[in-house]
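1. 3D, please:
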Amino acid sequence: MNYEQLVVLHAIVTEGTFRGAAERLHKSQSAISHTLKKLEAEIDMVLLSREAYRPKLTPVGEVFFRQAIRVMQQMNQLGSLTKTLNAAQEAEVSLAIAATLPLERILEVIGQVRAKFPATHIHLARESMSGPIERLLNDRANIIVASMDGVPVEQVEAVGFADVTILPVAHPEFEPAQSKHMKTITEMQTYTQIVVADSGSGALTQSRDLLPGGLRWTVTDFAAKKEILQAKLGWGGIPEHMIKDELKRGELVQLNVEGFQPRQSRLFQIRKRDRDVGVVAQSIWDNLMSADR
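-> Model prediction:
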């Protein structure tokens, strides 16, 4: 049994046909079939049933395939580690950070790594909703810090990083803020909700915490959103750490809205499993993991 045979088996299962596997691996269909038959002969098991149009894992094949995936992941990680150990520092490392997260810990880590690897250019992007994961999956970011919403978990390595609390707020003179009773969705539909746009551009684009049927303004960042709220022109959710001073001074107040209670968002540091990791990206990853949480 060898790694190439496991790759062929994985391609057949994920593509659903021998032809699809052949196209994916740039091999002939007969070569794919021969490799699978050789694997089955070596382990004395039938892994795939060929009775239907699409090959299907047999019961023993399912067990074997689950273990094969783990072996392939370990082989990929070993290969990445080997390249990392042999590599010089990267020319550039890109990070994409959720706009809801305070940057203090991220900047501390970058400062530490930059002192050790001054020649590497660090690209830091602030993104909203699907923006970070889109960058990661398109290989435009080495590491992201974001929620797991829309993240293909089988493709990534993720470690919990921080919790952020989102509060619905408005200026105290904004009409819904002038009483403490819970406002219904119907009541709030006549007031403008200020929303930060998703910075992603593809199929992963998300919408979150939107009032059904309500009036809405869209802005590109939380700084603009906060200014609009302070101008008494609307209401919306903002990370608590961004408005602590305004809440303390009474310049913004928390709203009591049906279905829009304070929400805790769990953020993770995330990277792709199959992407080669350079020495600088690895150093950033390790330092993020050990940063004061």
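2. so how far is the longest strand anywhere in the chain from its chain's centroid?
-> Counting residues, the longest strand in the chain under DSSP state E turns out to be strand 156-170. Centre-to-centre, strand 156-170 and its host chain are 12 Å apart (Cα atoms, centre = their mean, to the nearest Å).
3. number of nearby residues for G234?
-> 20 (other Cβ atoms under 10 Å). Glycine gets a C-beta too; all of them are placed from N, C-alpha and C.
4. is it true that it touches V195?
-> No. Counting by Cβ atoms under 8 Å, G234 sits too far from V195 to count as a contact (9.2 Å).
5. overlap of the contact sets of the two?
-> Residues within reach of G234 and of V195 at once, by Cβ atoms under 8 Å, 6 or more residues apart in numbering, are W217.
6. buried residues, the longest strand of the chain. List them.
-> 156-157, 161-162, 164, 166-170 (16 or more other Cβ atoms under 10 Å).
7. mind checking the SS state of the closest residue to L210 other than its chain neighbours?
-> Leaving out its chain neighbours, the residue that sits closest to L210 by Cβ to Cβ, 6 or more residues apart in numbering is V195, at 6.6 Å. Classification of V195 using DSSP: H, G, I helix; E, B strand; the rest coil returns strand.
8. which residues touch V195?
-> V195 makes contacts with 209-210, 216-219, 225, 236, as judged by Cβ under 8 Å, 6+ apart.
9. neighbour-wise, which one of those residues leads?
-> G236 leads these on contacts (other Cβ under 10 Å) with 26 neighbours.
10. and the helix or strand containing that one, which strands flank it?
-> Assessed by DSSP states H and E, G236 sits inside strand 236-239. For strand 236-239, the pairing partners within the sheet under DSSP bridges are strand 156-170 (antiparallel).
11. could you point out which element follows the partner strand?
-> Once strand 156-170 ends, the next helix or strand along the chain (criterion: DSSP H and E) is helix 185-188.
12. pLDDT weak spots in the stretch 51-200 of the chain?
-> Residues of the stretch 51-200 of the chain meeting the criterion pLDDT under 70: 83-88.
13. swap the cut-off to 80 and go again
-> For the stretch 51-200 of the chain, the stretches flagged by pLDDT under 80 are 52-53, 79-88.
14. helices of that one, residue ranges please.
-> Using DSSP state H, counting those that start in this stretch, the helices of the stretch 51-200 of the chain run over 59-86, 104-116, 131-137, 185-188.
15. distance to M1 and mean neighbour count added to those helices, as CSV?
-> What follows is the helices of the stretch 51-200 of the chain, written out as CSV (distance: least, Cβ to Cβ, whole Å; neighbours: other Cβ atoms under 10 Å):
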stretch, distance to M1, mean neighbour count
helix 59-86, 9, 13
helix 104-116, 40, 15
helix 131-137, 31, 24
helix 185-188, 59, 16
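16. how about those helices, which one is nearest I43?
-> Between I43 and the helices of the stretch 51-200 of the chain, the tightest spacing by Cβ to Cβ is seen for helix 59-86, at 7.6 Å.
17. how close does the closest residue in space to A291 that isn't next to it in sequence sit to E175?
-> Excluding its sequence neighbours, the residue lying closest to A291 (Cβ to Cβ, 6+ apart) is R105, at 5.0 Å. Per Cβ to Cβ, to the nearest Å, R105 is found 38 Å from E175.
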